[in-house]
Each structure stands twice: as structure tokens, then as C-alpha cells.
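> pasting the structure only:
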């Protein structure tokens with residue numbers, strides 16, 4: 001079983017007050033230090049091609065330093081950008097590889113979360129402070145399946 005407290009991630013990943021949906025940062029040249037210190041995966045991972053640049057893809061990729069989950073923060077002006085190709089099929093492949101390490105790919109549209117699995121996408125909706133994303137793998141006659149849910153802090157799933 002894996003748990004994640006997305007509230008700590010959302011606060012860092014959600015677009016700031018100067019974000020212009022569909023256009024990006026409205027104060028890029030004069031942005032504050034904490035924004036300058038942030039580097040999305042496109043800037044830190046040389047293997048991501050030009051199509052993954054946030055200005056083009058309309059989302060920001062980050063890798064959580066604690067869970068190693070791949071987080072996709074969507075531009076609110078392009079809420080379906082992650083489902084376009086080549087992104088969607090690649091997110092599915094990354095999801096399959098992540099599951100082998102008990103990691104996950106999670107897409108956020110503001111505070112609303114969707115967990116990307118190799119065979120489905122699980123819409124969890126808004127993750128409230130104190131809620132957790134819980135995943136469990138179970139064996140079925142058709143092979144391993146992953147169940148995803150959100151639960152209140154301290155609740156047993």
C-alpha cells in the first residue's frame with residue numbers, strides 16, 4: 001500500500017496568482033526568488049524533448065523528491081493537454097514503469113487529482129487537506145490490478 005499527502009505538493013505545484021491560463025507566468029522576468037529556484041522536470045531532465053516544454057505541452061512535470069511520484073500540473077486553460085499525443089501514451093508507459101517501483105503518475109488540474117494507471121485513469125477529484133491517496137495492488141484472474149482511492153488522514157482504506 002502506498003500513501004501520498006498531495007496537499008503538500010499542491011501548494012507548491014498549483015499556479016500562482018500571476019499565472020495566465022494558456023499563457024504562463026505573467027511576471028516571468030520579475031518573478032520572486034522561490035519561483036526562480038523552482039525547476040520543472042523539463043529543465044532538469046535532459047531526456048525530455050522540446051514537446052514537453054511547459055509553454056508547448058501546457059503542463060508542468062515535477063518529480064516529488066520524497067515519493068518519486070511524477071506529478072503533472074495542468075494549465076487551467078488547457079485541461080485536456082495531457083491526453084494529447086505524444087503525452088498520453090508516454091504518461092501511460094511511465095505509469096507502468098512507476099508501478100513496478102510502487103510509484104505513480106498523478107495529474108492535477110488545480111486541486112483535482114487524477115491517477116494515471118496503465119489501463120485506466122482514476123479521477124479522485126479535489127483532494128482536501130488531510131486526505132491521502134491510497135493505492136493497493138491486488139491479483140485478479142486477469143493479472144495484477146491497482147485500486148486507487150482517497151481517504152481521510154488516519155482512516156483505514
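Happy to help now that I have it. Because the structure is predicted, anything quoted here is derived from the model rather than measured.

> Any regions of the chain where pLDDT drops low?
Residues of the chain that meet the criterion pLDDT under 70 lie in 1-25, 27, 31, 34-38, 155-157.

> how about a cut-off of 90?
The chain contains residues with pLDDT under 90 at 1-47, 55, 63-68, 99-104, 111, 127-140, 142-146, 151-157.

> to the chain's geometric centre, what's the distance from the helix ranked longest in the chain?
Criterion DSSP state H: the longest helix present in the chain is helix 87-99. Here helix 87-99 shows a centroid-to-chain-centroid distance of 12 Å under the convention C-alpha atoms, centre = their mean, to the nearest Å.

> name the helices or strands packed onto it?
Where contact means 3 or more C-beta pairs under 8 Å, 6 or more residues apart in numbering; DSSP states H and E, helix 87-99 is packed against strand 70-74, strand 105-109, strand 112-116. Where you see a C-beta, it was placed from the backbone N, CA and C, and this is true even at glycine.

> residues in contact with it?
The contact list for helix 87-99, computed with C-beta atoms under 8 Å, 6 or more residues apart in numbering, reads 51-52, 57, 59, 69-70, 72, 81-82, 104-105, 107, 116-118, 137, 146.

> Please list only the buried members of the residues you listed.
Among these, those classed as buried by 16 or more other C-beta atoms under 10 Å are 52, 57, 59, 69-70, 72, 81-82, 104-105, 107, 116-117, 146.

> Could you single out the nearest of the residues you listed to residue 43?
Nearest to residue 43 out of the buried ones among the contacts of helix 87-99 is residue 52 (C-beta to C-beta; 10.2 Å).
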